[in-house]
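Enquirer: I would like the atomic coordinates for the input below:
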Amino acid sequence: MTSKEAVKAKIKDKEERFRHVQLVATKGNVLPPGAYLPVWLRRDIYGMLHGSNIVMSESQGPTQSDMKALEYLRNMSLTGAATIAEWRDVCRAEGILTGDNENTNSQQMKRIRKRLQDEGLIKAGSGKGVWIPCDPEEEAVDYDFNFNFKVH
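Expert: So this is what the prediction gives:
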């Protein structure tokens, strides 16, 4: 398992990372399509391979900078809806955006917005480019291991 795969699987222990191996077909004239899907296996203490129950997550969650940006958006939302441009200006003034030009800052802000939206921490407001923080009291959606969602 590579270090990037370990981050996606949320495995922090290096020894545990090395216990995982991936099995996937790369070439075969008569293999079924399912053979080309990766299967993760885990070595036990005797070296035997067993199916692993790891789940690869594309989302790595919000960073500390993302959470600071969210805090600024929450403060701005107390006085009314803020546009992404206004939010970006505050983030630039507070040192969250480190780009040396407008285009770089805009790209950094898009990434911050996407991570926060993917985590369900912000949602689109009314109007173009308006983002508002989600209320923690709203319904939360989480997923079980069968990829069915539950609303609670």
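Enquirer: Secondary structure element holding the closest residue to residue 88 other than its chain neighbours?
Expert: Of all residues not flanking residue 88 in the chain, residue 109 sits nearest, at 4.4 Å (Cβ to Cβ, 6 or more residues apart in numbering). (Glycine included, C-beta is placed from N, CA and C.) Using DSSP states H and E, residue 109 falls within helix 102-118.
Enquirer: Give me the contacts around that helix.
Expert: Here helix 102-118 makes contact (Cβ atoms under 8 Å, 6 or more residues apart in numbering) with 59, 61-63, 65-66, 69-70, 84, 87-88, 91-92, 96-99, 122-123, 131.
Enquirer: let's see 10 Å
Expert: The set of residues external to helix 102-118 that reach it, using Cβ atoms under 10 Å, 6 or more residues apart in numbering, is 58-63, 65-70, 73, 84-85, 87-89, 91-92, 96-99, 121-124, 129, 131, 133-134.
Enquirer: Could you identify the buried members of these?
Expert: In the contacts of helix 102-118, burial by neighbour count holds for 62, 65-66, 68-70, 73, 84, 87-88, 91-92, 96-97, 121-122, 131, 133, counting by 16 or more other Cβ atoms under 10 Å.
Enquirer: Show me which positions of the host helix or strand of residue 4 end up buried.
Expert: Element membership of residue 4, judged by DSSP H and E, is helix 3-9. Using 16+ other Cβ under 10 Å as the test for burial, helix 3-9 gives 5, 6, 8, 9.
Enquirer: Test my guess that the third one contacts residue 17.
Expert: No. With contacts counted by Cβ atoms under 10 Å, residue 8 stays clear of residue 17, the gap being 11.4 Å.
Enquirer: any shared contact partners between the two?
Expert: Listed as contacting both residue 8 and residue 17 by Cβ under 10 Å, 6+ apart are 1, 2.
Enquirer: mind checking pLDDT for residue 152?
Expert: In this prediction, residue 152 carries a pLDDT score of 50.
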